[in-house]
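> My questions are about this predicted structure, shown below with the sequence.
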Amino acid sequence: DTGVSQNPRHKITKRGQNVTFRCDPISEHNRLYWYRQTLGQGPEFLTYFQNEAQLEKSRLLSDRFSAERPKGSFSTLEIQRTEQGDSAMYLCASSRGPFGPGTRLLVL
Amino acid sequence: QQPVQSPQAVILREGEDAVINCSSSKALYSVHWYRQKHGEAPIFLMILLKGGEQKGHDKISASFNEKKQQSSLYLTASQLSYSGTYFCGTEPNYGQNFVFGPGTRLSVLP
């Protein structure tokens, strides 16, 4: 247990549906990072927050993706109108250290 | 820009040593090392912040040569539990996103 939790751990959805993931970082860490990882690849940076401010977004984060961290604590990542190419493991990291267990998304 | 890792894969016998290298074309503020087992999230191993810094715990250590923009991960007397894919993550400046290398697959055989 790294102290970072993510929910749900697994999500299966049909193409076109919206999904939302949640990350609860280590409480005293003010930075939170989202990554996406596909099979056989390293994690790819999506976005990060310093407290509630979203400071950087990757070009990978299309208009269908949005992330929030409303009170500088937990964060949500929403994918609208999911596509099969969105199938991946979505990882959250607290500060620059521990990752959460990830949410594995499968879009059918 | 993604750092380069070498080798891509390595197979060891239990008790043997291994070195995994990570190099960047950009100046670096920090280097992070992670190990990931199949189907699991990456596990944080260590972060190196200063040029020439070395860190280690148990039989895994790492060095960071800031001038050469390189880091190496040293695994000594490898154990079966060391098997997995090792990723380095590089941070060009404090506060910027860090980018992961493609990974080095390590297999330790009995």
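Nice, I can see it.
> Quick one: residues contacting A:Gly100.
Contacts for A:Gly100 (C-beta atoms under 8 Å, 6 or more residues apart in numbering or on different chains) come out as A:2, A:4-6, A:23-25, A:91-94, B:41. In short, each C-beta sits where N, CA and C put it, glycine included.
> Sort out which of the residues you listed are in strands and list them.
Counted as lying in strands by DSSP state E, out of these, are A:5-6, A:23-24, A:91-94.
> Tell me which stretches of chain B form helices.
Counting by DSSP state H, chain B has no helices to list.
> Considering only the ones in strands among the contacts of A:Gly100, which also neighbour chain B?
A:Leu91 (C-beta under 8 Å from any C-beta of the partner chain).
> of all the ones in strands among the contacts of A:Gly100, which two lie farthest apart?
A:Asp24 and A:Leu91 (13.5 Å; C-beta to C-beta).
> Number of residues surrounding the nearest residue to B:Phe98 once chain neighbours are set aside?
Spatial nearest neighbour of B:Phe98, chain neighbours left out: B:Glu91 (4.0 Å); criterion: C-beta to C-beta, 6 or more residues apart in numbering or on different chains. B:Glu91 has 20 neighbours, counted by other C-beta atoms under 10 Å in any protein chain shown.
> Just the pLDDT for B:Glu91.
pLDDT for B:Glu91: 82.
> circling back: buried ones only from the ones in strands among the contacts of A:Gly100, please, as a ChimeraX command.
Only the buried entries of these go into this ChimeraX selection, using 16 or more other C-beta atoms under 10 Å in any protein chain shown:
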select /A:5,6,23,24,91,92,93,94
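> which one among the ones in strands among the contacts of A:Gly100 gets closest to B:Ser24?
Of all the ones in strands among the contacts of A:Gly100, B:Ser24 sits closest to A:Ala93, with 19.5 Å by C-beta to C-beta.
> what are the bridge partners for the closest one, then?
Taking DSSP bridges as the rule, A:Ala93 bridges to A:Tyr33, A:Phe99.
> so what's it up against?
By C-beta under 8 Å, 6+ apart, the neighbours of A:Ala93 are A:4, A:32-35, A:99-100.
> Considering these, which member attains the minimum pLDDT?
Lowest confidence among the contacts of A:Ala93: A:Phe99, with 84.
> Test my guess that that residue contacts A:Leu91.
Yes: counting by C-beta atoms under 8 Å, A:Leu91 is a contact partner of A:Phe99 at 5.1 Å.
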